[in-house]
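Visitor: based on what follows, work out the 3D shape:
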Amino acid sequence: MAHTLRPAAPTAASADTAGQRAVGGIINNGTTDPNKILPLRYQWAREYYRSGVSNNWVPEEVSMQKDVEQWKSDSVLSETERRLILRNLGFFSTAESLTANNIVLAVYRHVTNPECRQYLLRQAFEEAIHTDTFIYCCDTLGLDPEQIYTMYRTVPSINEKDEFVIGLTRSIFDPTFATDSIEGIRSFLHDLIGYYVIMEGIFFYAGFAMMLALRRQGKMVGVGEQFEFIMRDESVHLAFGCDVINTIRNDYPEAWTPEFGQQISALVRQGVQYEQEYAFDSCPQGLLGINAVQFAAYVEYIADKRLERIGLPKEYGTPNPFPWMAQTMDLNKEKNFFETRVTEYQTAGALDWD
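Guide: Next up is the predicted model:
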């Protein structure tokens with residue numbers, strides 16, 4: 001039987017903690033007006049919102065003319081490179097819709113703190129921009145949308161990733177699901193980790209590395225810039241999600257048992273395996289100076305970073321095979337993406353972007 005959470009008796013030792021857990025926390029905030037955003041309780045949520053506003057972009061800002069020329073040419077792109085591009089467009093085109101559905105239909109319902117909800121609305125908007133990006137890429141390059149948007153069913157390595165995440169986040173889509181028990185809070189943490197840490201924090205990053213590696217060679221630069229913008233948005237999404245997870249963990253420490261931590265580590269290891277299979281499927285022959293083995297190593301490096309971010313030990317100890325990825329994600333570095341204007345990402349410079 002689920003143990004229902006109730007405010008502790010207001011003793012000198014427990015009154016503050018009970019009040020924070022029952023009223024002022026990030027979840028189970030039923031007695032507080034969710035529309036009353038001031039005074040702020042979680043300043044970090046407000047800062048993530050401001051970062052999102054400062055980083056605002058739309059896909060039409062990126063020139064795709066050279067990409068179109070390269071895609072139509074018979075001599076610029078190899079079959080391996082074309083496979084890599086199509087695989088990543090296919091995965092991300094549906095993955096972004098999946099993440100948006102998680103936010104709007106599930107996460108927003110249970111995260112009841114007003115400033116966190118404000119950021120979730122911003123994140124949902126950014127996911128819509130990302131979805132629009134792949135519409136823009138498909139239209140501009142003249143790709144077959146039926147091929148791209150059905151890869152989550154027709155390509156096993158993509159289907160496995162999507163089904164894994166759907167399985168991880170299934171409980172919070174149950175209309176009867178609630179976070180008023182330790183079991184419910186633990187399930188919510190499990191699903192948040194599946195969504196933020198594994199989906200956005202691991203499953204996206206082999207694809208990011210592939211597309212940015214191609215861009216470094218001067219190929220499909222416009223698509224690469226789109227991916228760079230998406231990656232920078234997702235880095236903020238990931239940081240926000242980890243702060244939500246860690247805040248719930250701090251508020252309800254009894255939900256995070258050693259056994260639960262071991263379960264999460266096992267899920268991350270399984271997610272890494274799926275992402276490595278995807279890397280070998282998307283880039284079986286390798287590109288100039290890089291190959292699927294390096295992409296697989298990068299996934300392990302990223303997974304260790306994610307585990308540490310939520311207070312769990314590393315699993316792999318793998319060094320970063322792509323140090324240039326950290327330079328690419330430096331949000332304080334001014335860079336002329338579009339030749340006509342300088343785009344500077346203004347905030348969140350203290351975040352760990354790898």
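Visitor: burial measure for Val268, as a count.
Guide: The local packing of Val268 (other CB atoms under 10 Å) involves 24 other residues. Where you see a C-beta, it was placed from the backbone N, CA and C, and this is true even at glycine.
Visitor: repeat for Leu212
Guide: Residues lying near Leu212 (other CB under 10 Å) number 19.
Visitor: now do the SS call for it.
Guide: In terms of secondary structure, Leu212 is helix; the call rests on DSSP: H, G, I helix; E, B strand; the rest coil.
Visitor: which residues touch it?
Guide: Contact partners of Leu212, counting by CB atoms under 8 Å, 6 or more residues apart in numbering, are Gly224, Phe227, Glu228, Met231, Met325, Thr328.
Visitor: repeat for Ile248
Guide: When the contact criterion is CB under 8 Å, 6+ apart, the partners of Ile248 are Gly25, Ile26, Ile27, Ile185, Phe188, Leu189, Leu192, Ala255.
Visitor: change it to 10 Å
Guide: When contacts are counted by CB atoms under 10 Å, 6 or more residues apart in numbering, Ile248 touches 25-28, 110-111, 179, 185-186, 188-189, 192, 255-256.
Visitor: would you mark the buried spots in the helix or strand containing it?
Guide: Under the assignment given by DSSP states H and E, the secondary-structure element containing Ile248 is helix 221-251. The neighbour-count criterion (16 or more other CB atoms under 10 Å) identifies 221-245, 247-249, 251 as the buried residues of helix 221-251.
Visitor: equivalent analysis for stretch 100-110, please.
Guide: For stretch 100-110, the neighbour count (16+ other CB under 10 Å) marks Ala100, Asn101, Asn102, Ile103, Val104, Ala106, Val107, Tyr108, Arg109, His110 as buried.
Visitor: without its sequence neighbours, what residue ends up closest to the first one?
Guide: Of all residues beyond its chain neighbours, the one nearest Ala100 is Glu127 (3.8 Å), with distances taken as CB to CB, 6 or more residues apart in numbering.
Visitor: what's the offset of the helix or strand harbouring the one you found from the middle of its chain?
Guide: In the assignment (DSSP H and E), Glu127 maps to helix 114-141. Per CA atoms, centre = their mean, to the nearest Å, the displacement of helix 114-141 from the mean C-alpha position of its chain is 12 Å.
Visitor: what are the contacting residues of the very next helix or strand once past it?
Guide: With elements assigned by DSSP H and E, the helix or strand that comes after helix 114-141 is helix 145-149. Identification of contacts with helix 145-149 by CB under 10 Å, 6+ apart yields 86-87, 89-94, 97, 134-135, 137-139, 141, 143, 154.
Visitor: buried only: go through these for me.
Guide: Using 16+ other CB under 10 Å as the threshold, 86-87, 89-94, 97, 134, 137-138, 141, 143 are the buried ones among the contacts of helix 145-149.
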